[in-house]
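>>> Provided below are the primary sequence and the corresponding predicted coordinates.
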Amino acid sequence: MELDANTQLMFHWIPIVFGLVLMSPFGEGLGLKMASRWPSLETIRGRTIGGMMAVIFGGFTVSAHTLWIHNKANEMGSGNFCSADGVWDCSSVIGNPDWNTMPFIGLPWGMVGMLAFALFLWLIISVAKEPTESWVLTHLKIGRNLGILGIGMIFYLIYAEYDIGKLCQYCTTAHVSHVITTFGFFRLSSMYGTKDWGVGTSGLSDSDTKDRKSKRGGYVAPVTASEEE
Amino acid sequence: MQRRNISNEAGGRADGLLLVSVIFITAFTYIALTTSPVYTGIGVDDRAPVLDGQVYDGTSWTDFSLYENVDSMWVEGEGGTYYMIEFMDTNCGACQNAAKDFPDMQDKWLGEDAARSMQANQSVEFLAVSISLWDEDTAGKEYGRDQIEEFRAEYLHEFMYMDDQDDSNKDGWGDFGTPTYFLVAPNGLIKYVNLDAPNGYTVWDAMEDIIPRSE
């Protein structure tokens, strides 16, 4: 059984909606249910990061799908791999040679999306793995600024859709994912340094964290035989 | 004993980079293996670049877009329109010589009563794209829509002339001399370009070979 393009699109929405719910106040209960597997979801920071990972992953997969459609459109023209239903007509947008590549650089927009979401994913995974490191704020700033830049590109692409007279459901999905991600980076930036940022994953106190950091720094304080006993 | 611990901070970032790289490469490999895109260009079997502009059909100037007149889903045997596109300059001597051949060819190929047989629902259109090889200030070279209309009338041409004297389509099509001929199939793929053709093999020969006859 072959799924039509709009049904296939739903698979990209699943992680995006899941991530959005997890990032929202409604996600607290969901996060607590999954905390036994991922303890960081007990915290607001953990839920925001986890939600953003899901949203970014959805953005990445829909961008990859868009690139696939772009290549297929070049290979064999429009077809049922990209549905055309009234104003929602991705083949007219992705297959339009006037608008379907990035100006000056010439990269297909799907590829631009893949690169952007891959960068977002790397930024957020790094922060998730080591939320107390010195470079975390830099990563959040990069994510935030890249998000603002991307929103500028989204306005350009919305203008392209206006010019063509059709809307591309795949592109819109990627745009929604990008906007949520940008919002997430802003939220994390404002959270950074407050008590909501916390330590996160194991309920350690600040002193435990400092102790752990010093050990990870490579120094192990010597102990006497009597202390060991 | 105190030991050095190098690049401790890179751990999370390196892990993340590795994971993202695996995801990216997997997605990219899948796309590469399942698609075979045809790129836009001016070689045989390339997709014809965008060709937009105003055309004169003998009565008025109207907007024309090649892209809007091709059906990318077309396959051989279906109805559709082949476009013979000539890039020319109204001041070019070779174009003026070539223009003399067109009245015979338009009788042969154009219209419902074309002399050359074609399959049902298939047709041929000629499109002359008038570009500027010289500056407007060059002595003896005149440009403008009046020149295009006069040229078309002088040589008894009955097909469309596009005004591209600002060379606005040059970015996509490139910089070549005139006259240059392309045969574009109904799906927008270039089937003949004289720049790549063997010596003496004209666009008219290519049309005879490529455009199927009625059965």
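Done, it's in.
>>> Grab the longest helix from chain A for me.
helix A:44-76 (DSSP state H).
>>> How about chain B?
Chain B, longest helix under DSSP H: helix B:10-34.
>>> Correct me if wrong: residue B:16 contacts residue A:133.
No. If you go by Cβ atoms under 8 Å, residue B:16 and residue A:133 don't touch, sitting 11.8 Å apart. Using the backbone N, CA and C atoms, a C-beta is placed for each residue, glycine as well.
>>> count of residues packed around the closest residue in space to residue A:160 that isn't next to it in sequence?
Using Cβ to Cβ, 6 or more residues apart in numbering or on different chains and skipping residues adjacent in sequence, the residue nearest residue A:160 is residue A:99, 4.1 Å away. Residue A:99 has 19 neighbours, counted by other Cβ atoms under 10 Å in any protein chain shown.
>>> list the contacts for residue A:99?
A:93, A:157, A:160, A:163, A:164 (Cβ atoms under 8 Å, 6 or more residues apart in numbering or on different chains).
>>> Return the members of those residues classed as buried.
Buried subset of the contacts of residue A:99 (neighbour count, 16 or more other Cβ atoms under 10 Å in any protein chain shown): A:93, A:157, A:160, A:164.
>>> isn't there a strand covering the first one?
Okay, so that is residue A:93. No. Residue A:93 sits outside any strand when classified using DSSP: H, G, I helix; E, B strand; the rest coil, being helix.
>>> Surely it and residue A:168 touch.
Yes. Counting by Cβ under 8 Å, residue A:168 is a contact partner of residue A:93 at 3.7 Å.
>>> what sits in contact with each of these two?
Joint contacts of residue A:93 and residue A:168 (Cβ under 8 Å, 6+ apart) are residue A:161.
>>> Tell me which stretches of the chain form helices.
Chain wasn't specified; assuming chain A. A:5-23, A:27-34, A:44-76, A:90-94, A:109-129, A:136-164, A:169-191, A:206-216, A:225-228.
>>> Actually, chain B is the one I wanted.
Going by DSSP H, chain B shows helices at B:10-34, B:93-99, B:102-109, B:145-154, B:170-173, B:203-210.
>>> from what I can see residue A:161 touches residue A:93, true?
Yes. Using Cβ under 8 Å, residue A:161 is in contact with residue A:93, at 6.0 Å.
>>> circling back to that earlier point, relative to helix A:109-129, how tilted is the longest helix of chain B?
150 degrees (axes from the mean of the first three to the mean of the last three Cα atoms, to 10 degrees).
>>> Closest to the centroid, which residue in chain A?
The centroid of chain A falls nearest to residue A:56 when counting by Cα atoms, centre = their mean (2.0 Å).
>>> Kindly apply the preceding question to chain B instead.
residue B:48 (3.5 Å).
>>> any idea how far residue B:189 is from that residue?
Separation of residue B:48 from residue B:189 (Cβ to Cβ, to the nearest Å): 7 Å.
>>> what's the answer for residue B:202, then?
20 Å.
>>> So the two - more neighbours on which side?
Counting neighbours by other Cβ under 10 Å for residue B:202 and for residue B:189 shows that residue B:189 has the greater number, 18 against 14.
>>> For that one, name its beta-bridge partners.
Per DSSP bridges, residues listed as beta-bridge partners of residue B:189: residue B:47.
>>> And the pLDDT at it?
In this prediction, residue B:189 carries a pLDDT score of 89.
>>> Okay, now the unreliable bits of chain A?
In the predicted model of chain A, residues A:1-2, A:76-85, A:199-229 satisfy pLDDT under 70.
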